[in-house]
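S.K.: sequence first, then the predicted structure:
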Amino acid sequence: MSQQPTRGTWTKCPHCGGHVNQLEWGEYCQCPHCHQYLRLTAQQRLKITVDTNSFVPLEFQRKTNSQLQVPGYAEKLTENQQRTKLKEAVLAGQATINGVSLMIGVMDSHFMMGTLNTEVGRVIRVLYTTAKQRKLPLIMFIASGGARMQEGIFSLLQMNTILMAKREFDATKQVSISVLTDPTMGGVSASFAFKNDLVIAEKNAQIGFAGQRVIKATSADKLPANFQTAEDLLQHGLVDDVVAREHLRGYLATLLKLHQRG
Amino acid sequence: MLSDQLKQIRSQNRISSRTVLNYLFHDFVAIHGDRVLGDDAALTGGVALFNDQPVTVLAVNRGHNAVQRQHFNGGMVSVSGYCKALRLIKAAQRFNRPVISLIDMPGADASAYSEHHGQSQAIAEMLAEMGELSSPNMAIFLGEGHSGGALAFANTNRIIMLENALFSVASPEAVAAIVNTDTDINEYLPMTATALKRIGLVDDVVREGPKVLENIERAVAKQLSALNQLNEQELINQRQKKYLKVLEAGRE
């Protein structure tokens, strides 16, 4: 085993089961054996996407919602906050990519699977509103399992209210871009994720409306092996393109350049 | 109890959207097909008169017996159904017609067919289009209506619910599987007509019983005449404010 690095910890790739040293994952978190990606945290995503030190987060006044009393939910939120160092499942702010200013939102699947709740929905509405006020383009990195069950109907109503905020942003004629990353499902997929001007999928991401377990339970369909992958969606004409993680920053920079307004 | 209510609204004797459609409207003309993929039987769409006013009707069919339920896909609207609805909403916009949806569906269709033809995009489009509609729109929940699939039909100026109807982020069983609690989940997460009226989402709860059809008609007439007083911009603003107000209500 002398050829293997002595520093760093070893982990198992969740896709191929291969043993990967911490140092081998690299900044794109790609398995050296099967070339699949690990899911990124919002911070990791920002680091490989925007210009160094350019991200300025939007400030939010924290509010609590007295209507949300599901037993055990408060504890779950606290546990997720402590583990991820995030307040909620999304980060939002202003940044630059190759010097071009934009508003950016990054969802984090490590925080309750990036699920859409009242707070995440509010942040995304403010993101659209701020992009409108500052007359800036907007990029959203999606990573979400859908609506958060623990907030019931209040989660569901984020779907239409975010689209209402987006409608006002659209009046500015600035471009909005979705990057669908692993996973993009349910109430997020069927709302703003697919409504932005351009919809790009990261290579290998799982994207869909209904989960595969639900489809298998309610229909007799036999599901193809690559079902609901980014490549499957591209083949069916459902996304504009599929882009590898290591090329995304350059790709987005080009899109921003092409949509710059004089 | 929620489980009794579920049994009742899922029973084959539950009032169907077809019955309500026949009672409420006159001169109904069905409009078929989405012009690309086909014609989804789960959704009956068309134009009709309510009193003397032309309206667009979107009626989700669930079916009474097993044969009908199979034909209607149990009320699970497919991508083709959403595209048909979208076509009807755009026509309603052009002719300044109110849109009235009759909802009884467990959720949107979950199948490889719908996924491969853009179920997410179709629902997102319909949600946006209903939100931007400059004519009045109204949703009537007859049985259950869950997930974004039902919300697409209910992004409306007014929501009317029969007293035993349910409107939830997912089926109560699915919610209960994630939210572990020994008590009725409705206690924590409003999904019944009265609970949703309390938070300001539902405008009218309709009494059931032998006079249910008359009661629905009265509620629709009342709400529609109020909406007919509003101009295009007021309708869009009212819809937007209504939902934001529900979301702001519990925050402090």
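M.R.: Arrived safely. Predicted, not measured: the structure shown is a model, and the values here were computed from it. Numbers count the residues shown, from 1 in each chain, chains lettered A, B, ... in the order given.
S.K.: now residue A:188: how far from residue A:155?
M.R.: Distance of residue A:188 to residue A:155, given as CB to CB, to the nearest Å: 10 Å. Backbone N, C-alpha and C define where each C-beta goes, glycine included.
S.K.: between the two, point out the one with more neighbours.
M.R.: Neighbour tally, residue A:188 and residue A:155, criterion other CB atoms under 10 Å in any protein chain shown: the higher count belongs to residue A:188, 34 against 24.
S.K.: quick one: residues contacting that one.
M.R.: Taking CB atoms under 8 Å, 6 or more residues apart in numbering or on different chains, we find residue A:188 in contact with A:107, A:114, A:116, A:142, A:144, A:145, A:146, A:147.
S.K.: just those that are near chain B?
M.R.: Subset of those in contact with chain B: residue A:147, counting by CB under 8 Å from any CB of the partner chain.
S.K.: compare the contacts of residue A:188 and tell me which is most surrounded.
M.R.: residue A:147 (31 neighbours).
S.K.: please name the bridge partners of it.
M.R.: With DSSP bridges as the criterion, residue A:147 is bridged to residue A:116.
S.K.: tell me the pLDDT at the residue nearest the centre of chain A?
M.R.: Nearest residue to the geometric centre of chain A (CA atoms, centre = their mean): residue A:142, 2.3 Å. Per-residue confidence (pLDDT) for residue A:142: 98.
S.K.: how about it, secondary structure?
M.R.: Three-state call for residue A:142 (DSSP: H, G, I helix; E, B strand; the rest coil): strand.
S.K.: okay, and the common contacts of residue A:188 and residue A:155?
M.R.: A:116, A:147.
S.K.: for the stretch 1-150 of chain A, give the residue positioned nearest to chain B.
M.R.: residue A:67 (3.2 Å; CB to the nearest CB).
S.K.: which element, helix or strand, includes that residue?
M.R.: Remark: residue A:67 resides in no helix or strand, with elements defined by DSSP states H and E.
S.K.: count the neighbours of it for me.
M.R.: Applying the criterion other CB under 10 Å, we find 19 residues in the vicinity of residue A:67.
S.K.: do residue B:212 as well
M.R.: 18.
S.K.: ok, it touching residue B:14?
M.R.: No: the criterion here is CB atoms under 8 Å, and residue B:212 misses it with residue B:14 at 10.6 Å.
S.K.: residue B:159 pairs with what?
M.R.: residue B:139.
S.K.: shouldn't it be in contact with residue B:202?
M.R.: Yes: if you go by CB under 8 Å, residue B:159 and residue B:202 touch, sitting 4.9 Å apart.
S.K.: give me the common contacts of these two.
M.R.: With CB under 8 Å, 6+ apart, residue B:159 and residue B:202 have common neighbours B:167, B:196.
S.K.: chain B: helices as residue ranges?
M.R.: B:2-10, B:17-24, B:66-71, B:79-94, B:112-116, B:119-132, B:147-151, B:172-178, B:193-198, B:212-227, B:232-248 (DSSP state H).
S.K.: could you export those as JSON lines, including mean pLDDT and distance to chain A?
M.R.: JSON lines is the format used below for these (pLDDT from 0 to 100; distance: least, CB to the nearest CB, whole Å):
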{"stretch": "helix B:2-10", "mean pLDDT": "91", "distance to chain A": "13"}
{"stretch": "helix B:17-24", "mean pLDDT": "97", "distance to chain A": "20"}
{"stretch": "helix B:66-71", "mean pLDDT": "92", "distance to chain A": "11"}
{"stretch": "helix B:79-94", "mean pLDDT": "98", "distance to chain A": "9"}
{"stretch": "helix B:112-116", "mean pLDDT": "96", "distance to chain A": "4"}
{"stretch": "helix B:119-132", "mean pLDDT": "98", "distance to chain A": "4"}
{"stretch": "helix B:147-151", "mean pLDDT": "97", "distance to chain A": "4"}
{"stretch": "helix B:172-178", "mean pLDDT": "85", "distance to chain A": "4"}
{"stretch": "helix B:193-198", "mean pLDDT": "96", "distance to chain A": "7"}
{"stretch": "helix B:212-227", "mean pLDDT": "98", "distance to chain A": "18"}
{"stretch": "helix B:232-248", "mean pLDDT": "96", "distance to chain A": "5"}
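S.K.: tabulate those in a markdown table, adding columns for distance to residue A:224.
M.R.: Below are those laid out as a markdown table (distance: least, CB to CB, whole Å):
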| stretch | distance to residue A:224 |
| --- | --- |
| helix B:2-10 | 32 |
| helix B:17-24 | 34 |
| helix B:66-71 | 25 |
| helix B:79-94 | 17 |
| helix B:112-116 | 8 |
| helix B:119-132 | 16 |
| helix B:147-151 | 23 |
| helix B:172-178 | 25 |
| helix B:193-198 | 40 |
| helix B:212-227 | 44 |
| helix B:232-248 | 38 |
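S.K.: so of the ones you listed, which one's packed in deepest?
M.R.: Comparing those by mean neighbour count (mean count of other CB atoms under 10 Å in any protein chain shown), helix B:147-151 comes out on top with a mean of 29.
S.K.: if you count contacts, what does that one end up packed against?
M.R.: Applying 3 or more CB pairs under 8 Å, 6 or more residues apart in numbering or on different chains; DSSP states H and E, one finds that helix B:147-151 contacts helix A:152-156, helix A:158-170, helix A:186-189, strand B:99-105, helix B:119-132.
S.K.: for residue B:138, which of the ones you listed is the nearest?
M.R.: strand B:99-105 (5.1 Å; CB to CB).
S.K.: for that closest one, which strands pair with it and how are they oriented?
M.R.: In its sheet, and by DSSP bridges, strand B:99-105 pairs with strand B:53-60 (parallel), strand B:137-146 (parallel).
S.K.: looking at those strands, which is closest to residue B:126?
M.R.: strand B:53-60 (9.6 Å).
S.K.: and that closest one, C-alpha only, in PDB?
M.R.: Provided in PDB are the C-alpha atoms of strand B:53-60 (Å, rounded to 0.1, in the frame of the first residue of the first chain):
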ATOM      1  CA  GLN B  53     -71.600  34.400 -18.300                       C
ATOM      2  CA  PRO B  54     -69.300  32.300 -20.500                       C
ATOM      3  CA  VAL B  55     -66.700  30.500 -18.400                       C
ATOM      4  CA  THR B  56     -63.800  28.100 -19.000                       C
ATOM      5  CA  VAL B  57     -64.200  24.800 -17.000                       C
ATOM      6  CA  LEU B  58     -61.400  22.500 -16.000                       C
ATOM      7  CA  ALA B  59     -62.900  19.400 -14.400                       C
ATOM      8  CA  VAL B  60     -60.700  16.600 -13.000                       C
END
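S.K.: that strand: which residues count as buried?
M.R.: B:55, B:56, B:57, B:58, B:59, B:60 (16 or more other CB atoms under 10 Å in any protein chain shown).
S.K.: tell me the one of those residues nearest residue A:55?
M.R.: Minimum distance to residue A:55 across the buried residues of strand B:53-60 is 43.7 Å, recorded for residue B:58 (CB to CB).
S.K.: from what I can see the closest one touches residue B:101, true?
M.R.: Yes: the pair residue B:58 / residue B:101 is scored as a contact, 4.2 Å apart, by CB under 8 Å.
S.K.: overlap in contacts, these two.
M.R.: residue B:153.
S.K.: mind listing the strands for chain A?
M.R.: A:10-12, A:19-21, A:56-57, A:90-97, A:100-107, A:138-144, A:176-184, A:198-202, A:241-243 (DSSP state E).
S.K.: export the strands paired with strand B:99-105 as a markdown table, with columns for distance to residue B:32 and mean pLDDT.
M.R.: A markdown table is the format used below for these (distance: least, CB to CB, whole Å; pLDDT from 0 to 100):
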| stretch | distance to residue B:32 | mean pLDDT |
| --- | --- | --- |
| strand B:53-60 | 13 | 98 |
| strand B:137-146 | 21 | 97 |
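S.K.: wait, which of these is closest to residue B:95?
M.R.: strand B:53-60 (7.3 Å).
S.K.: residue contacts, residue 124?
M.R.: In the absence of a named chain, this looks at chain A. With contact taken as CB under 8 Å, 6+ apart, residue A:124 is in contact with A:90, A:92, A:105, A:140, A:158, A:162, A:165, A:192.
S.K.: oops, wrong one, chain B.
M.R.: Here residue B:124 is in contact with A:163, A:189, A:190, A:191, A:192, A:193, A:194, A:195 (CB under 8 Å, 6+ apart).
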